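Participant: Sharing a model prediction with you, sequence too.
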Amino acid sequence: MTERYPNGGAPEIADLGFAKLDLQRAARTGDPEVVFGTGKTPGQIVAALRALHHAHPDGAVLATRLSDEAIAACRTELPDADIDEVARVAMLGVPASPRGRVAVVGAGTADLPVIRECAATVRVFGSDPDVIVDVGVAGLHRLLAQRDRIDTADVVVAVAGMEAALPSVLGGLIGAPLIAVPTSVGYGWHMEGLTAWLATLNSCAPGVVTVNVDNGFGAGVAAARIARATA
């Protein structure tokens with residue numbers, strides 16, 4: 001069932017019973033609604049993805065934070081979906097031709113779920129993700145070896161746990177917009193990423209902005225929109 005504007009026109013809402021999908025979000029913001037999988041049943045996730053794809057057939061739609069059961073349901077019910085089990089995401093449809101490039105720079109292998117979630121989001125939201133992994137500051141030479149790739153990106157996303165030094169180091173090396181993503185990875189009393197978040201929030205390097213802990217999706221959306229605007 002769809003609901004329309006009071007004065008007619010394009011459908012505004014797809015009412016699935018358990019959710020009212022915002023079909024006008026792409027017209028307002030440039031990007032369609034995304035399905036947040038946490039708290040939804042596999043059937044609800046499949047139905048929402050299918051409805052969003054039907055409403056936006058010329059691009060891709062995304063579901064994030066999927067459980068094992070939801071991933072299995074998407075594989076069975078949506079055989080054309082592109083699923084990343086590490087990122088816990090499913091993409092349905094073909095993304096538009098990318099504009100701009102986002103360097104998604106990850107400190108460690110343990111950060112991969114967040115890194116991959118960010119990269120998938122950048123792709124769905126219309127930019128080209130260039131993923132550079134395991135270049136944390138514990139081995140600074142690994143980061144410096146990737147300077148050319150990072151320097152030529154339109155936007156940089158730095159994903160790091162532990163003490164989250166990577167965003168601050170990059171902030172002193174590059175002039176592109178820099179988004180920090182602290183992760184809930186660390187030894188001892190790292191307080192589920194609060195230590196990393198406070199470090200990125202209080203970075204001594206100018207120009208570093210930060211999203212919430214493990215929020216690869218939020219960083220990916222912001223990075224893709226900036227990259228699209230600069231391309």
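Facilitator: In hand now; what should we look at? Owing to the predicted nature of the structure, the values given are computational and were not obtained by experimental measurement. Numbering: from 1, shown residues only.
Participant: List the contacts of the closest residue to Thr121 other than its chain neighbours.
Facilitator: In this structure, Thr121 finds its nearest non-sequential neighbour in Gly220, 2.8 Å apart by C-beta to C-beta, 6 or more residues apart in numbering. Where you see a C-beta, it was placed from the backbone N, CA and C, and this is true even at glycine. With contacts defined as C-beta atoms under 8 Å, 6 or more residues apart in numbering, Gly220 is in contact with 102, 104, 117-122, 125, 129, 157.
Participant: Over to Ala119?
Facilitator: 87, 104, 129, 131, 216, 220.
Participant: Quick one: residues contacting the first one.
Facilitator: Residues near Ala87 by C-beta under 8 Å, 6+ apart: 64, 113, 116-117, 119-120, 216.
Participant: change it to 7 Å
Facilitator: 113, 116-117, 120 (C-beta atoms under 7 Å, 6 or more residues apart in numbering).
Participant: same question, the second one
Facilitator: With contacts defined as C-beta under 7 Å, 6+ apart, the neighbours of Val104 are 115, 118-119, 122, 129-132, 157, 159.
Participant: Filter those residues down to the ones in strands?
Facilitator: Using DSSP state E, the subset of the contacts of Val104 located in strands is 129-132, 157, 159.
Participant: Report the secondary structure state of Ile226.
Facilitator: Assigned with DSSP: H, G, I helix; E, B strand; the rest coil, Ile226 falls in the helix class.
Participant: To what extent is it buried, counted in neighbours?
Facilitator: 18 (other C-beta atoms under 10 Å).
Participant: The nearest residue to it once chain neighbours are set aside and Leu173, how far apart?
Facilitator: Distances taken as C-beta to C-beta, 6+ apart put Val155 closest to Ile226, at 4.8 Å, once the chain neighbours are dropped. Distance of Val155 to Leu173, given as C-beta to C-beta, to the nearest Å: 15 Å.
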